[in-house]
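>>> Coordinates only, no sequence provided:
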């Protein structure tokens, strides 16, 4: 969009809503890719267009003109209603879907859901097609496994044979499954229960191989708008692109996103290159979120030429609002060889330095007014003082201890009594260790513990008295410093206040010492790992579980770099520590002068994605969360070299690059 010279700087994107309305309501419709950077008002733009396209509010007429009842957007809304069709909006998380739905209000011509829910609605009930899709996908995996085994000069390994046998058994199981189900909250398990990934893969296969499904999709939803399209699973997106290409007049696709904010590997590495050349490409140029200094920084981060970078630096340069002319940025660089305790102490000194630089008390250590982002979950657990709980729960279920972008993670299933019922009960206890009876009763009702009580009065009285004694003991323990999970669990299990998972009850009764931890890189039996997890959990301080639950639910002032996309905070500290994170996908040191690794050099030569590409996107995402001030903390393997490199970088202004406070 061309900006009129005397236009208000804050209104650079004023015409984008009208552009989207015209793309959707024109005959034939025009598919589009909307480039929408961090803080650009993408959701506001989307909702404004949808409210006009569905007739909730009229399109603003030209100055002095009356509303035209034959205007394309008015006709489009009438056509949707006459054909019982809806516009389908696909979001990345449940929370995002709720935000869009809330802003739309009552709107029966728009349906908003996550990509997983959308896909399941398409295929639910088509059990024969789901079975055939699963068998086809399994056959592909089996063919690859056999090819890999056959390619080995010494013949198939034991693991090859195990994989092939597992896939063959899986095919037999699929053949015998009569019905398939899906639960977004993962509460359905066993034969026929599909996981998130399977739902997406089956839908992609079905759209390509079932013309009837494509027909159903076009008949129900002539317009599909996909938010965060850069992270949408590439197979599903490709299938939808094929459906659009088959008949562009009957189905249009609107993609909204920003390739700079791609976090997950499921999406297209370069979405812009996948979008057909005939599509429209509107752009949102504003950043309404951040102060100018932060907007300038994220622009410069993306524009940079770095050794080992393969992703194009082409993107729309963002503009801050004219009233957001300030902002504070600091980079603190320290030696990665410092101990974990030393790092925590010095990060607190960084917070003090930010308070001095900004004059904002929210930067004080422990103040929830600023948000700390770390690269890896264990780093967050250490900084949030719940490392013992995190390590123990990780041994029980490594996949269940990681928060997701939507704040929908619930933790390991076997410990739900600790993370739900008992934490809810603890919320009823005051600082003196006294439980509020009314609140306790509400919790007991919530979890069905006062339903179907014994009819005999004496038996019922004994049961309720037992509950009361347990709750009084529990409440007293809540205020005891250092109380462990085993101690606080004892009265709850003894009196059966809540229904506990059998695995937890069995583990609680074990008094034998746990197996020894394996040596580094040595395999461990699953049962030994779980036994160590239970032992560590019962010894861990109860207060750590409460902190872990807050972190898991997204209620903590701490988070990992990967789960904050879409969030915004007044003040942000980004902790970059490759040494402690121990991963290989990201390497912040290499953004600050450290040489690329061997795999980076190899991948760059083949024009494949490198750790520099992934880390640069992650840095862009984390920096763009900040509204007012931003502290970057880099623990570098060569701190002096990183200081010199950063000081000469175009990213930072004089005085913004500092040695780690002592």
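The structure has been received and is ready for your questions. Just so we're clear, the structure is a prediction, and the values are computed from it rather than from any experiment.
>>> What about residue 483, how many residues nearby?
Counted with other Cβ atoms under 10 Å, the neighbours of residue 483 add up to 15. Placement of C-beta: from N, CA and C, glycine included.
>>> And it, what's its pLDDT?
Predicted confidence (pLDDT) at residue 483: the value is 96.
>>> max-length helix in the protein?
Longest among the helix segments of the chain by residue count, using DSSP state H, is helix 127-150.
>>> name the helices or strands packed onto the next helix or strand after that helix?
Downstream of helix 127-150, the first helix or strand assigned by DSSP states H and E is helix 158-176. Helix 158-176 makes packing contacts with helix 127-150 when contacts are defined by 3 or more Cβ pairs under 8 Å, 6 or more residues apart in numbering; DSSP states H and E.
>>> For the helix it packs on, list every residue counted as buried.
Neighbour-count burial for helix 127-150 flags 129-134, 137-138, 142, 145, 149 (criterion: 16 or more other Cβ atoms under 10 Å).
>>> Same list, those, but as CSV with distance to residue 604 please.
Listed next are the buried residues of helix 127-150 as CSV, based on distance: Cβ to Cβ, whole Å:
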residue, distance to residue 604
129, 42
130, 41
131, 43
132, 41
133, 37
134, 38
137, 32
138, 35
142, 34
145, 30
149, 31
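>>> what about the strands in the stretch 451-600 of the chain?
558-560, 569-576 (DSSP state E, counting those that start in this stretch).
>>> Ok, which of those comes nearest residue 551?
strand 558-560 (6.2 Å; Cβ to Cβ).
>>> on that earlier part again, looking at the buried residues of helix 127-150, which one is closest to residue 459?
residue 130 (48.7 Å).
>>> Pull the residues that contact the one helix or strand residue 111 maps to.
Following DSSP H and E, one finds residue 111 within strand 110-114. Residues outside strand 110-114 that contact it (Cβ atoms under 8 Å, 6 or more residues apart in numbering): 50, 54, 86-94, 96-97, 100-101, 104, 121, 184, 221.
>>> Worst mean pLDDT across the helices and strands of this structure, which element?
Lowest by mean pLDDT, DSSP states H and E among the helices and strands of the chain is helix 578-581, with a mean of 77.
>>> just how off-centre is stretch 440-447 within its chain?
With Cα atoms, centre = their mean, to the nearest Å as the basis, stretch 440-447 stands 31 Å off its chain's centre.
>>> List the buried residues of it.
Along stretch 440-447, these residues count as buried under the neighbour rule (16+ other Cβ under 10 Å): 440, 443-444, 447.
>>> Quick one: residues contacting residue 618.
If a contact means Cβ under 8 Å, 6+ apart, then residue 618 has 263, 375, 561-562, 586 as its contacts.
>>> neighbours of residue 598, just the number please.
Neighbourhood size, residue 598 [other Cβ under 10 Å]: 8.
>>> hang on, the earlier thing: dump the buried residues of stretch 440-447 to CSV, plus secondary structure, distance to residue 339 and pLDDT.
Below are the buried residues of stretch 440-447 laid out as CSV (DSSP: H, G, I helix; E, B strand; the rest coil; distance: Cβ to Cβ, whole Å; pLDDT from 0 to 100):
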residue, secondary structure, distance to residue 339, pLDDT
440, helix, 43, 94
443, helix, 42, 94
444, helix, 46, 94
447, coil, 43, 92
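>>> shaky segments in the protein?
For the chain, the stretches flagged by pLDDT under 70 are 1-7, 61-69, 184-190, 404-408, 581-584.
>>> The buried residues of helix 127-150: which two are farthest apart?
Of all pairs drawn from the buried residues of helix 127-150, the greatest distance, 30.5 Å, lies between 129 and 149 (Cβ to Cβ).
>>> Would you mark the buried spots in the helix or strand just after the strand holding residue 111?
Per DSSP H and E, the first helix or strand lying C-terminal to strand 110-114 is helix 115-123. For helix 115-123, the neighbour count (16+ other Cβ under 10 Å) marks 115-120, 122-123 as buried.
>>> Likewise for stretch 38-53?
With burial defined by 16+ other Cβ under 10 Å, the residues of stretch 38-53 counted as buried are 38-43, 45-53.
>>> Closest one of the residues you listed to residue 421?
Nearest to residue 421, judged by Cβ to Cβ, of the buried residues of stretch 38-53 is residue 43 at 35.4 Å.
>>> returning to that earlier point: turn the buried residues of helix 115-123 into TSV, columns for distance to residue 601.
Output for the buried residues of helix 115-123, formatted as TSV (distance: Cβ to Cβ, whole Å):
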residue	distance to residue 601
115	35
116	38
117	42
118	41
119	39
120	43
122	43
123	43
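>>> which of those residues lies closest to residue 81?
Closest approach between the buried residues of helix 115-123 and residue 81, by Cβ to Cβ: residue 118, at 21.3 Å.
>>> That closest one is in contact with residue 86, isn't it?
No - contact criterion Cβ atoms under 8 Å: residue 118 and residue 86 do not qualify, at 11.7 Å.
>>> Which of the buried residues of helix 115-123 sits closest to residue 546?
Closest approach to residue 546 among those (Cβ to Cβ): residue 116, at 30.0 Å.
>>> ok now the host helix or strand of residue 201, how far from the chain's centre?
Using DSSP H and E, residue 201 maps to helix 196-209. Centroid separation between helix 196-209 and its chain, computed with Cα atoms, centre = their mean, is 21 Å.
>>> who does it touch, helix- and strand-wise?
Against helix 196-209 (3+ Cβ pairs under 8 Å, 6+ apart) you get helix 115-123, helix 127-150, helix 211-220, helix 234-246.
>>> what's the first one in contact with?
Yep, that's helix 115-123 we're talking about. Contacts of helix 115-123 (Cβ under 8 Å, 6+ apart): 88, 90-92, 113, 129-130, 182, 184, 194, 196, 199-200, 202-203, 206-207, 213, 216-217, 226, 232-233, 236.
>>> Quick one: distance of that helix to the chain centre.
19 Å.
>>> likewise the longest one?
Relative to the mean C-alpha coordinate of its chain, helix 127-150 is positioned 29 Å out (Cα atoms, centre = their mean).
>>> That one vs helix 115-123, what angle?
Between helix 127-150 and helix 115-123, the angle comes out at 120 degrees (axes from the mean of the first three to the mean of the last three Cα atoms, to 10 degrees).
>>> relative orientation of the longest helix of the chain and helix 158-176 in degrees?
Here the directions of helix 127-150 and helix 158-176 differ by 170 degrees (the same axes, to 10 degrees).
>>> what comes into contact with helix 127-150?
Taking Cβ under 8 Å, 6+ apart as the rule, helix 127-150 contacts 123, 155-157, 160-161, 163-164, 167-168, 170-171, 174-175, 177-180, 194, 198, 201-202, 205-206, 209-210, 213.
>>> cool, stretch 529-548 as well?
381, 384-396, 401, 411, 415, 418-419, 423, 426, 477-478, 482-489, 504, 507-508, 510, 513-515, 517, 556.
>>> From the centre of the chain, point out the most distant residue.
Ranked by distance from the centre of the chain (Cα atoms, centre = their mean), the top residue is residue 458, with 51.2 Å.
>>> What distance do you get for that residue to residue 596?
Residue 458 is 76 Å from residue 596, where distance means Cβ to Cβ, to the nearest Å.
>>> contacting residues around the residue nearest to residue 580 when sequence neighbours are not counted?
In space, residue 580 comes closest to residue 379 once its chain neighbours are excluded; the distance is 5.6 Å by Cβ to Cβ, 6 or more residues apart in numbering. Neighbouring residues of residue 379 by Cβ under 8 Å, 6+ apart: 560, 575, 577, 580-581.
>>> Look up how far residue 9 lies from residue 379.
For residue 379 relative to residue 9 (Cβ to Cβ), the value is 40 Å.
>>> what do you get for residue 534?
Taking Cβ to Cβ, one finds residue 534 at 60 Å from residue 9.
>>> Looking at these two, which one has more neighbours?
Neighbour count, other Cβ under 10 Å: between residue 534 and residue 9, residue 534 has more, with 22 against 12.
>>> what about residue 499, neighbour count?
13.
>>> and the closest residue to it other than its chain neighbours, which of the three is it?
Of all residues not flanking residue 499 in the chain, residue 417 sits nearest, at 7.3 Å (Cβ to Cβ, 6+ apart). Three-state assignment for residue 417 (DSSP: H, G, I helix; E, B strand; the rest coil): helix.
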